[in-house]
Every structure is written in structure tokens, then in C-alpha cells.
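Chemist: only geometry, no sequence info:
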């Protein structure tokens, strides 16, 4: 049964006869990311290599000047510098920084752990600390991922409300004055029917929100830390995207003016920024996925194979037409069924025929569903959604794993 | 309409009269994470503070010894150390490291960017590099999130197949020999009916896979980098969870034995580890979510308010009984409906009554769905799933945003 085109590995599946579209998309994405990495490496190398060479020369010169002037043995100086590197690892700098492991420092540290930012300005040095970190991070990171997902849910709900409100406003102003006033009085929750926010608008709004947060935060950082504005923006992106290089870290000096307020503001900005950018990344990843589907569709269409317009039995349910991994229609929205139609099919069914068979099979599905609903709610729907592919981290697994976890 | 208990902010919603359960869960999680952070900060502070003090004393002593022995002006030495800090930022160490910005170094760098590991052993120093990083990371991180989610989908599908196979095997061995042989011949894809893998088993398997990968990788690192085994395990966790402190970074020396193989192995281990731990985090976050639901249920039950057993109109659809944000049943699985029953309801409906109304409303929903399916597939289902809460990063948004993105 593992031979039905649903193997989990990425590379071997490409050569299999009925090319599974999920695997094809996965491989296409992996290939594109690899290409993106290669291009990025080339560009960064071109941008930064000259600076690295200059920095190397500069440091060599500075070291020579020092040893010549103070007649210091170079080996001894190297030993000192190695000691300084080790001290650096413990968070010690020439210019006194805030203590690493007092309570507020440790709080900042655990914040960077659970958010997976990991600046590295503070790292555990003891063996006990390192082992504890592994277990602490395991729960903490999972909880934060859940937090981000719930935040995403909240923000999308809020955006949908606001955008619906704007949409209604536009509709009302746009001529249908009499009809809309009745609509308004008859209950506003009904007027959402048939309207959903566009992924592009949501991306735009989240992008704007991210820019506003990053710019406000950069203003704060550039005044408090004496960074340039570009450096501050760069820090904001690196922190908010949870990359967290640690070359620039906010709130590290021993003293600031109005320190408490700054530390609080720093925390809030990072929290808001991380939530916003996480949501933005997820929205962008949807658009990337649609692009992948479009590319796969194009690739399939432009292939040398002609469309095999094999008449399909229109009453046959979708589940029988498609291998397990591709039963998308069971998440209850017709959009997802339509979505299936746009996806690359291994056997190249024409979209029209596909729609017809879908409409019928949907009706069949409803019948089955309502029958089973009357039999009893604990009856499971493994047949319909055992492997229905809800896309997205938790979505997939909630779909697939919820039932058994309820039983236990 | 924004006043229907679905405000997106976290804190203000707690005080609102019909406490929205989504908001309640979000606030509970935020509170628990805060508590977790406070505890973690206290523990890490206790573990690491003594070491920090010792390290400070040690460095002070080393610096004093050096200045006394070589009669170096302390100010001049501080200047040199500051210069060394800057050189450090450009990736320069006393013991020669591999070049930062040759192609392979830049490739390692962009890998840590798009995966959001961000060790920080290499960071862009030029303004052009910093600005390019922002735009490069925006697309790259989104693509990688999609990659992780697709990987998660593939791995769960594969696990489900394997576990189904084991489940069938057990069933077959456990007595029902005659029945199962017929079942086997009649088509194995049907035997999945009513069976889904448990979230706990999946967690166990992913956890074991992570441990195996981390232990193998640690063996490699401890031999190649001369780290202790605990240090290697700590590095693996920090890298795989994308925290990426950068205190330990693999493959940084100028020369290794069989360097090409080591670099490739390093890449593959990090890729596999990150994918595995990402999946593990998401599975754990589901369990955390269930725990939150359980806590909320307990809180609601043990409250001073008695259950108001108000008889509800059983034929009324769920969508009319619950505010927008809580229509969970539209993802087509009865499990999610059951799930709703276990969730904290603002108005404290008894679970039995809830089930009855759900069963009926589900049947109503099916009727509506099948009617509309015959009207035409482009007809949207905003009324049923405009704000249906598919949980999880992409899942939610696919549910909510797909339709309009198709239209565009």
C-alpha cells in the first residue's frame, strides 16, 4: 500500500510513474529553494567578500602596530585574545554590558529561546544549563509556535471583520442605497455571505503593519543605541523574523536613560514584530504555494503529452478517482474542491469534467455525511478525510490526528 | 460589528462579557508562556550566574597579568580589544577560520537565513548587504516555512501509512484471520476507514527520529569539532530548533579531514534535524492546545456559576447559536464538531444538548451544501465557513482566503 504514490521521501518520488502532485510540488519547491540559495550565496559573496578582505587587512595592521609599539610577544597576545574570545562567550566585553544572568538578563535570554530568535548574546556555559536548555526549549518553542498560530488566527479574524466592514461600506456607497439599508437592519452578520478577504489584501495589510512596527522600533533603537537607521531596520528584520544573528542586540548596555521604559518597549516591539512577521511569512507562503501550483499546471499543460480526454464516470466519487494523498474536498468548503480542480492531476483530467464529477461527488458526500451524522457523532470519517490534505502546520495534523487523540 | 466578541487584541478581550473561548485560550496560553518564561529565567539565572561571576574574575585576572607582564597601557589594550571585537564581527578570529564570504561560506550563511537559524558566525557588514538581506530573507523565510509545512504533510502521510500497516498487522494477528484475509484482497485502501494515527504515537515517532538524528549528528560533530558529546547535543538542539545562538557553529575551521564529505553531512544533518524538530514542535503544540482546552473546560466547570441548562432550539443551526469566530464544524469532519463540544462555550451549553443541536445542524448544513453544489461550484459558502476556525498557520488562511485569491 506504500506503493500508491504517497511515499514521503522527496527525491525518489520524482521518478515514479503516476507522479503524485503533492510530491511534485514538494520537489519543485525544494529545487527552487536550492536555486534561490545559490543565487543568494553568489550575490552576498559579491557584496561582502571585498569588505571581509579589507577587514582582515585592517586587523592585521592594527595587531602589528600594537605589537611593534609595545614590544609584546605575538604569541602571548594571541593567547590573550583567545582568552578574550572565551570571556566573550560568557558575555564579557571591554565596555561593560548589562549582567548576562541576573533575572532580567535571564528573562531576555529565555525570551530569545522560546521565540527561536537566539541572538546568542547570552548562552548557557555550564553543562547543567545546556542540558536544561534542551528540555526547556522543547516545550517552550512548541508553546510559542502555538501562540503564533493562535495570534495568526486572531489577526486574520480581526482583519476579515475590518475588511468586511469596508467592503459593506463601499457596497452601500456604491448606489444600492435602499437595498443596503434594509440589509443593515436585518442583521449585519448575514451580509458576510459570499465574501472573504483576499490573501493579497491581507498580505498588504500585514506588510504595512510590519513596516510601521519596524519603522517605529527603528526610531527607538537608533536613538537609544546610537545605531544608524539602516542598522536599526536591519536589526528589526533579523529579530522579528527570528533569525537573530546577534551582531546587533538591543538593550545590552549597562545603563540607558529611562531604562525600565526602554526595556519594556523593546520587549513589546519584538513581540509585536515577531507576531506580525510570522503572520506575513505565512501569508506569503500561501502565495508561493499558489505560484507553485500555477507552475506545475503550466508544466503539465506544456508537456509533450496531449490531454487525454478520457470520459470519466461522473457519479464516481472523487475518492475513487484520486489516490489517497489528494482528497482535498473534505474540509467542507467548495473552494477547496475548486482548488483541487486547479491542481496538477496525475492523469490530466480536463477541468470541466473534473467539475462535473466533483459536483456530483460532493452531493454524494453530503448524503453520506448526513446519514452518518444521524447514526451518531462518534462514527468516524476515515474514508473521507483519513488523508484529506488540510494544508499547513497544525491544520494538517488537526485534520488527521484529532480523532484518535480524543479517544485517548 | 467589531463588538461581537472577536476583537483581535489579547488583553482587553478578557474583560468582555461573553468571554470568547478563542480569546480565552489565547490569553491563557499567553499567561502560561509568561509564567514559563519567569520560571525559566529564575532557573537559568540560578544555574549560570555563578559561572558568569567566575568568568568575569578570571578575565580580569588574565588582563591584569598581561598588562603587568608586558607593561602595556590598559587603555591601549582596551582599544586593541575593541578593534578585535569589530574584527570578530567580520568573522576574524585568532585561529584562522574558513573564509566567511567565499561561495561556500555565503551558501552556509544564506542557509542560516532562510531557515531562520541565524548562527551569526557570518553577518553582512555592508549597508547594501543589510538592505538586500531584508528583501532576500522575506521571500526566503516564507518559502522555507512552506517547505517545512509540505515536509510535515509528507511525513505525516508516510507515518499514517506505516502505522496503518502496523495496525492492520496487529488486527490480522489478533484472531480475525478469516475476515482480514478477505479485507486484504478486497482493496487495502478501504481498510483505513475509521482509523487515524494517534497524535501521541506520531509525537513518539518524531521524537525518536529527532533523537536518532541528533545522536548521529553529535557523534559526527564531537569527532570532527572536538566538542564534548553534551556540547554536540546542545549544538544539535540549538541548530535544529532554529534558535541558533552561534556560540558553537559546526564546519567553521579552515581545514578538516575529508572536508567535502563533512560539509555535505553537516548540511544534510541540519536539514533533516530542522525538518524533524519543526514537525515535533507542531505535534507538541497540538497537545498543548488540547491541554489548554482541558484547562479551560475545568475552569468553566469549577466556576461558581452553575450550568445554566437552558433548553435550546434543537433545529437551530450552530452558526446562529455561536458568534462568528467559533464555527468549527465546517471543516467537514465530525471530529471537529465533537471538538467544539469539548470547548469552553461562552454561554455554558451542556454537552448533551450541544451534541443534539450539532447533529441536526450538521444535517441542515449538508442539505444547504448539496443544494448549493448543484447551483454551481463558484457559489461561495461564506455563511458556513466565512470565519470557520481551521486551526494552524496555513490551514486557517487557506480556509479563509483561498476563494478571493482564486478570483484574482
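Modeler: Arrived safely, thanks for sending. As the structure is a computational prediction, the values presented were derived from the model and not from experiment.
Chemist: and for residue A:99, nearest residue in space, chain neighbours not counted?
Modeler: Leaving aside its sequence neighbours, residue A:99 sits nearest to residue A:105 (Cβ to Cβ, 6 or more residues apart in numbering or on different chains; 5.5 Å). Placement of C-beta: from N, CA and C, glycine included.
Chemist: next, the one you found: secondary structure please.
Modeler: For residue A:105, the assignment made with DSSP: H, G, I helix; E, B strand; the rest coil gives helix.
Chemist: how about it, what does it touch?
Modeler: A:98, A:99, A:122, B:45 (Cβ atoms under 8 Å, 6 or more residues apart in numbering or on different chains).
Chemist: would you turn those into a markdown table with neighbour count and distance to residue A:135?
Modeler: As requested, these are exported to a markdown table (neighbours: other Cβ atoms under 10 Å in any protein chain shown; distance: Cβ to Cβ, whole Å):
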| residue | neighbour count | distance to residue A:135 |
| --- | --- | --- |
| A:98 | 19 | 27 |
| A:99 | 18 | 25 |
| A:122 | 28 | 18 |
| B:45 | 21 | 17 |
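Chemist: element containing residue A:41, please.
Modeler: helix A:21-70 (DSSP states H and E).
Chemist: ok, is the host helix or strand of residue A:212 in contact with chain B or not?
Modeler: Element membership of residue A:212 [criterion: DSSP H and E] is helix A:199-225. Yes: Helix A:199-225 is in contact with chain B by Cβ under 8 Å from any Cβ of the partner chain, via A:199, A:200, A:201, A:202.
Chemist: buried subset of the residues you listed?
Modeler: Buried by 16 or more other Cβ atoms under 10 Å in any protein chain shown: A:199, A:201, A:202, out of the residues of helix A:199-225 next to chain B.
Chemist: thinking again about what came up before, what angle do the helix holding residue A:41 and helix B:21-70 make?
Modeler: Per axes from the mean of the first three to the mean of the last three Cα atoms, to 10 degrees, the angle that helix A:21-70 makes with helix B:21-70 is 30 degrees.
Chemist: just to revisit the earlier point, now for the helix holding residue A:212, which elements pack on it?
Modeler: helix A:127-173, helix A:229-240, helix A:259-302, helix B:393-407 (3 or more Cβ pairs under 8 Å, 6 or more residues apart in numbering or on different chains; DSSP states H and E).
Chemist: ok, which of those helices comes nearest residue A:68?
Modeler: helix A:229-240 (33.5 Å; Cβ to Cβ).
Chemist: in that closest one, which residues are buried?
Modeler: For helix A:229-240, by 16+ other Cβ under 10 Å, it's A:231, A:232, A:233, A:234, A:235, A:236, A:237, A:238, A:239, A:240.
Chemist: got it, and stretch A:73-82?
Modeler: Result for stretch A:73-82 [16+ other Cβ under 10 Å]: buried residues A:77, A:80, A:81.
Chemist: which residues touch that stretch?
Modeler: Residues contacting stretch A:73-82 (Cβ under 8 Å, 6+ apart): A:63, A:66, A:67, B:62, B:63, B:66, B:69, B:70, B:84, B:94, B:95.
Chemist: hmm, try it at 10 Å
Modeler: A:63-64, A:66-67, A:70, A:72, A:88, B:62-63, B:65-67, B:69-70, B:72, B:77, B:80-81, B:84, B:87-88, B:93-95 (Cβ atoms under 10 Å, 6 or more residues apart in numbering or on different chains).
Chemist: equivalent analysis for stretch A:43-62, please.
Modeler: The contact list for stretch A:43-62, computed with Cβ under 10 Å, 6+ apart, reads B:79-80, B:83-84, B:86-92, B:99-107, B:109-110, B:113, B:122-133, B:136.
Chemist: may I see the PyMOL selection of the buried members of those residues?
Modeler: Buried residues within the contacts of stretch A:43-62, by 16+ other Cβ under 10 Å, are selected in PyMOL with:
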select buried, chain B and resi 80+83+84+87+88+90+91+92+99+100+101+104+105+106+107+109+110+113+122+123+124+125+129+130+131+132+133+136
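Chemist: pretty sure residue A:235 contacts residue A:245?
Modeler: Yes: judged on Cβ atoms under 10 Å, residue A:235 makes contact with residue A:245 at a distance of 9.0 Å.
Chemist: anything in contact with each of those two?
Modeler: residue A:119.
Chemist: any stretches of chain A with poor pLDDT?
Modeler: Residue ranges of chain A with pLDDT under 70: A:1-19, A:175-195, A:304-408.
Chemist: can stretch A:253-260 be found next to chain B?
Modeler: No: figure legend: stretch A:253-260 not in contact with chain B (Cβ under 10 Å from any Cβ of the partner chain); closest approach 13.1 Å.
Chemist: end to end on that stretch, go ahead and measure it.
Modeler: In stretch A:253-260, first residue to last residue: 13 Å (Cα to Cα, to the nearest Å).
Chemist: ok, and what's touching it?
Modeler: A:93, A:95-99, A:104, A:223-226, A:251, A:262-266.
Chemist: break chain A down into its structural domains.
Modeler: What the TED database lists as the domains of chain A is A:23-94, A:149-171+A:197-253+A:260-309.
Chemist: please identify the deepest-packed of those.
Modeler: Of all the domains of chain A, domain A:149-171+A:197-253+A:260-309 carries the top mean neighbour count, a mean of 19, counting by mean count of other Cβ atoms under 10 Å in any protein chain shown.
Chemist: so residue A:93: helix, strand or coil?
Modeler: Going by three-state DSSP: residue A:93 is coil.
Chemist: tell me the backbone dihedrals of it, please.
Modeler: Dihedral pair for residue A:93: phi -130, psi 170, per degrees, to the nearest 10.
Chemist: so who does it touch?
Modeler: Counting by Cβ under 10 Å, 6+ apart, residue A:93 makes contact with A:84, A:87, A:121, A:252, A:253, B:81, B:82, B:85.
Chemist: try residue A:233
Modeler: A:211, A:214, A:215, A:217, A:218, A:221, A:222, A:227, B:130, B:131, B:134.
Chemist: how about residue A:83?
Modeler: The neighbours of residue A:83, taking Cβ under 10 Å, 6+ apart as the test, are B:58, B:59, B:61, B:62, B:63, B:65, B:66.
Chemist: could you measure from the first one over to residue B:51?
Modeler: In other words, residue B:58. Distance of residue B:58 to residue B:51, computed by Cβ to Cβ, to the nearest Å: 10 Å.
Chemist: cool, the third one as well?
Modeler: Distance of residue B:61 to residue B:51, given as Cβ to Cβ: 16 Å.
Chemist: how about the fourth one?
Modeler: According to Cβ to Cβ, residue B:62 stands 16 Å off from residue B:51.
Chemist: go on, residue A:133?
Modeler: Residue A:133 is 14 Å from residue B:51, by Cβ to Cβ.
Chemist: what do you get for residue A:46?
Modeler: Counting by Cβ to Cβ - residue A:46 and residue B:51 are separated by 42 Å.
Chemist: check residue A:53 too.
Modeler: Where residue B:51 is concerned, residue A:53 sits at a distance of 37 Å (Cβ to Cβ).
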